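A.B. asks: structure here, sequence nowhere to be found:
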């Protein structure tokens, strides 16, 4: 089991292998010597010039925080998987490669076999067999002879499942398509143990991956690159993926915005896939994500998306009255799962007490009349009443399209507290349409994933505003340090 694996890793932190010696060349390729004439080179596959450059950045210890946006078919998976192998050989410990879902983790890497110079090569075969002590197919873990553990994992069921581990290195594969909590949860661990991380992906709109690269581009602790088929070239300056290759995808019907995004690193603002792309970009442009933003001596309201076996999400908001219209200020966001309602009420109260704010009302969605939190005794609204809390149920929207447009319009007049609402902003940025594989087009129905919960809680607020359920007066805005 993985828990046993984690305990074992702690015991091998300082383990040094006596089976082989190793050294690097000037490009930081790894050479393992098992005997006088028994030498292995890692990686076992040839690397392209730009892949070698990235290898030098990591193993030359230029940076331990790397974010790379590379076009599709640039070899992101191959090079970062080999980084993990390389590191696990020279420094015993735990190494993790994450994917957006467990299905992708198994299909892409555990069972995958990319073409390397025209030859199909399994990812697992890139680890020399003499270095493998054992494999666990159910957990997708590999133990090396020096005690290192490599864990391939999908983070769709529980993005915080990595908490409690102590990895020396993490690869975040397809980071733009992953729940960003897998990154945020591990920052403290990597800082404490001196570990490294590499996040790789193509772009997926202006979501968390785009913003993460943009925010850290000029930070000397980070190495961030946005590449295209024109910048990733061979020794003679020739691109590996040509414009002719891209034109073939155009003729096959690939949308131009997707071609620009996945081959040229140009993220275009569009709502063809991301429902709120334009509105979210406008929030960044007009600098409405503000540090310390709260309203002193002003009511706080909680807006719910009720989760039973799924996540529950709560948006905490205050309101400015501007020319007779309420403008939302989102000051906090709470998300968890498999918790009783009392837990969320306590979290809300503690949040307000921490900042000296006044809590007023809980707003639950229409299913608050018939859904409960983890038992079959009472509905949500009855529980709130029993706890002495004021609760109001918000009726369902007339249609999904109406709700989406209402959220979109409300975003244009919403401000966000920078410190407490990043998870909600990530959710709104990533909320996307479902793709119809048969019809080869996007439906006007959303994908239900990690982003849905935050969006639904924000939707509850929008509906409460539209129905006139919130009545406020004007107060001055205070920016708390």
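C.D. replies: Thanks, I have the structure now. Computed from a predicted model, the values in this text were never measured in an experiment. Numbering: from 1, shown residues only.

A.B. asks: low-confidence stretches in the stretch 301-450 of the chain?
C.D. replies: 308-309, 368-378, 436-441 (pLDDT under 70).

A.B. asks: the strands in it, which residues?
C.D. replies: 311-322, 325-337, 358-364, 391-393, 415-417, 433-436, 441-446 (DSSP state E, counting those that start in this stretch).

A.B. asks: and the strand or helix carrying residue 79, what's its mean pLDDT?
C.D. replies: If you go by DSSP states H and E, residue 79 is part of helix 76-90. Here helix 76-90 scores 96 as its mean pLDDT.

A.B. asks: please state the offset of it from the chain centre?
C.D. replies: Centre-to-centre, helix 76-90 and its host chain are 21 Å apart (CA atoms, centre = their mean, to the nearest Å).

A.B. asks: longest helix anywhere in this protein?
C.D. replies: Secondary structure of the chain per DSSP state H: the longest helix is helix 450-466.

A.B. asks: what residues does the helix holding residue 79 touch?
C.D. replies: With contacts defined as CB atoms under 8 Å, 6 or more residues apart in numbering, helix 76-90 is touched by 22, 30, 32, 42-43, 45, 47, 51, 54-55, 58-59, 68, 70, 95, 97, 108-109, 112, 114, 116, 123, 126-127, 131, 144, 146, 148-150, 168-169, 171, 173, 196, 198, 200-201. From N, CA and C alone the C-beta is placed, and that goes for glycine too.

A.B. asks: figure out which of the strands of the stretch 301-450 of the chain is closest to residue 260.
C.D. replies: Nearest to residue 260 among the strands of the stretch 301-450 of the chain is strand 441-446; the distance by CB to CB comes to 16.6 Å.

A.B. asks: starting from that closest one, tell me which strands it pairs with and how they run.
C.D. replies: Counting by DSSP bridges, the strands paired with strand 441-446 are strand 433-436 (antiparallel).

A.B. asks: buried ones in the partner strand, by neighbour count?
C.D. replies: residue 433 (16 or more other CB atoms under 10 Å).

A.B. asks: same thing with stretch 33-48?
C.D. replies: So stretch 33-48, judged by 16+ other CB under 10 Å, has buried residues 40, 42-43, 45, 47-48.

A.B. asks: wait, is residue 71 part of a strand?
C.D. replies: No: Residue 71: not assigned to a strand; according to DSSP: H, G, I helix; E, B strand; the rest coil it is coil.

A.B. asks: next, give phi and psi for it.
C.D. replies: The phi/psi pair for residue 71 (degrees, to the nearest 10) reads phi -70, psi 160.

A.B. asks: report the separation between residue 64 and residue 146.
C.D. replies: Computed as CB to CB, to the nearest Å, the residue 64 to residue 146 distance reads 21 Å.

A.B. asks: mind listing the strands for the stretch 51-200 of the chain?
C.D. replies: Using DSSP E, counting those that start in this stretch, strands in the stretch 51-200 of the chain cover 65-69, 94-99, 115-116, 119-120, 132-136, 141-144, 149-154, 169-173, 196-201.

A.B. asks: phi first, then psi, for the residue lying closest to residue 367 once chain neighbours are set aside.
C.D. replies: What sits nearest to residue 367 in space, not counting adjacent residues and going by CB to CB, 6 or more residues apart in numbering, is residue 306, at 6.0 Å. The phi/psi pair for residue 306 (degrees, to the nearest 10) reads phi -80, psi 120.

A.B. asks: distance check, residue 306 against residue 354.
C.D. replies: Distance, residue 306 to residue 354, by CB to CB: 24 Å.

A.B. asks: who has more neighbours, those two?
C.D. replies: Set side by side, residue 306 and residue 354 show more neighbours around residue 306, with 25 against 9, by other CB atoms under 10 Å.

A.B. asks: next, the buried residues of stretch 210-218.
C.D. replies: For stretch 210-218, the neighbour count (16+ other CB under 10 Å) marks 210-213 as buried.

A.B. asks: now, which of those lie within helices?
C.D. replies: 210-213.

A.B. asks: quick one: the helices in the stretch 101-250 of the chain?
C.D. replies: 102-104, 181-184, 187-193, 208-216, 243-251 (DSSP state H, counting those that start in this stretch).

A.B. asks: with distance to residue 463 and mean pLDDT added, can I get the ones you listed in a markdown table?
C.D. replies: Output for the helices of the stretch 101-250 of the chain, formatted as a markdown table (distance: least, CB to CB, whole Å; pLDDT from 0 to 100):
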| stretch | distance to residue 463 | mean pLDDT |
| --- | --- | --- |
| helix 102-104 | 34 | 93 |
| helix 181-184 | 27 | 90 |
| helix 187-193 | 35 | 92 |
| helix 208-216 | 26 | 94 |
| helix 243-251 | 41 | 92 |
